[in-house]
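In: only geometry, no sequence info:
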């Protein structure tokens, strides 16, 4: 009986251990935060270096105070590494103005401004890889994060911002578009088996029908319709040729209302193409003398390079 009770107590202690460790970790983080506020930066760093984050939010807090401590101590390289880790943990996180002086916040903001383009590129590569592997949810999440990063003031003057946005918006459109349905095959009419109607053994003459009135239709004419250049993502892709097609719906005002990939060419190109197609302009179609909405199919041919 004593053995059983002892084993039960031991099991209870083991089960309670993770919760206890989490409590201790939170206590250490709170203590490190207090040490920073007391200007005991070395003591705060010792506590922070001993911590293992249990969640993304906790990692953000650890790297935040690690960066602030190194800045206060004049450790430039260590501070930059901590800010880089902070941006990796949460690229959208910005330090609140209540936890440090404007000078310190400015140093963190400048370091973050330098790091964010690298992080944005990593997010783009990760999103494209997820799309290629058909991990739809992850790809959508990563492209959405990329669009959020591109709206950050730190990316405002970056030259790659527009290209990244075109790519991200194009891939988001591809992910949102329903799969193309196969066109139904036309039924085979075959030979007619119906016999002409008779009246007392004589064949009834068919009553002639009036011809349908002629309708006039002039399709939309491109005013601005330039396909984007093809930039293969790697040498192996550059060796191949790709063909596809795009459908645009043109409104009565000559603007593109929607663009849809009918036949995919290459995911990287299709994403750019969808983004560019929305800027095209046309002289609208005319039916019976009135401008009208219409559709247009554009063939895509990507040659080996």
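Out: Right, received. Where do you want to start? Quick caveat: nothing in here was measured; it's all calculated off a predicted structure.
In: so what's residue 290 bridging to?
Out: When bridges are called by DSSP bridges, residue 290 pairs up with residue 287.
In: okay, domains of the chain per the record?
Out: Domains of the chain are assigned by automatic domain parsing as 18-168, 217-302.
In: mean pLDDT lowest for which of these?
Out: With a mean of 86, domain 18-168 has the lowest mean pLDDT of the domains of the chain.
In: what residue is smack in the middle of the protein?
Out: residue 143 (1.7 Å; Cα atoms, centre = their mean).
In: pull the contacting residues for residue 51.
Out: 25, 28-29, 32, 58, 62 (Cβ atoms under 8 Å, 6 or more residues apart in numbering). Any C-beta I mention is one placed from the backbone N, CA and C, and that applies to glycine too.
In: of those, which belong to helices?
Out: 25, 28-29, 32, 58, 62 (DSSP state H).
In: before we move on, back to that, which one of the contacts of residue 51 is nearest residue 284?
Out: residue 58 (57.2 Å; Cβ to Cβ).
In: verify the stated contact: that closest one with residue 32.
Out: No - in this structure, residue 58 is not within contact of residue 32 by Cβ atoms under 8 Å, at 11.5 Å.
In: measure residue 260 to residue 103 for me?
Out: To residue 103, residue 260 is 52 Å away according to Cβ to Cβ, to the nearest Å.
In: and the two? Which one has more around it.
Out: residue 260 (17 against 8; other Cβ atoms under 10 Å).
In: residue 58 and residue 32: which has the busier surroundings?
Out: residue 32 (25 against 17).
In: thinking again about what came up before, closest to residue 289 among the contacts of residue 51?
Out: residue 58 (68.6 Å).
In: can you give me the distance of the closest one to residue 128?
Out: Counting by Cβ to Cβ - residue 58 and residue 128 are separated by 30 Å.
In: for residue 265, same thing?
Out: Residue 265 is 15 Å from residue 128, by Cβ to Cβ.
In: same check on residue 56?
Out: Counting by Cβ to Cβ, the gap from residue 56 to residue 128 is 23 Å.
In: looking at these two, which has the bigger crowd around it?
Out: More crowded of residue 56 and residue 128, by other Cβ under 10 Å: residue 128, with 20 against 11.
In: surely that one touches residue 266?
Out: No - checked against Cβ under 8 Å, the pair residue 128 and residue 266 is beyond contact range at 11.4 Å.
In: now the domains of the chain as CSV including distance to residue 175?
Out: Formatted as CSV, these follow (distance: least, Cβ to Cβ, whole Å):
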stretch, distance to residue 175
domain 18-168, 5
domain 217-302, 10
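In: once you drop chain neighbours, what's closest to residue 282?
Out: residue 220 (4.3 Å; Cβ to Cβ, 6 or more residues apart in numbering).
In: list the residues that contact the one you found.
Out: So residue 220 contacts 250, 254, 282-285, 294, 296 (Cβ under 8 Å, 6+ apart).
In: so what's residue 222 bridging to?
Out: residue 282.
In: which residues does it contact?
Out: 280, 282-283.
In: the same query, at a cut-off of 10 Å, please.
Out: 248, 250, 254, 280-283, 296, 298 (Cβ atoms under 10 Å, 6 or more residues apart in numbering).
In: so what does the helix or strand where residue 299 lies touch, helix or strand wise?
Out: Assigned by DSSP states H and E, residue 299 belongs to strand 294-302. Contacts defined by 3 or more Cβ pairs under 10 Å, 6 or more residues apart in numbering; DSSP states H and E place strand 294-302 against strand 221-224, strand 242-250, strand 256-263, helix 267-277, strand 285-287.
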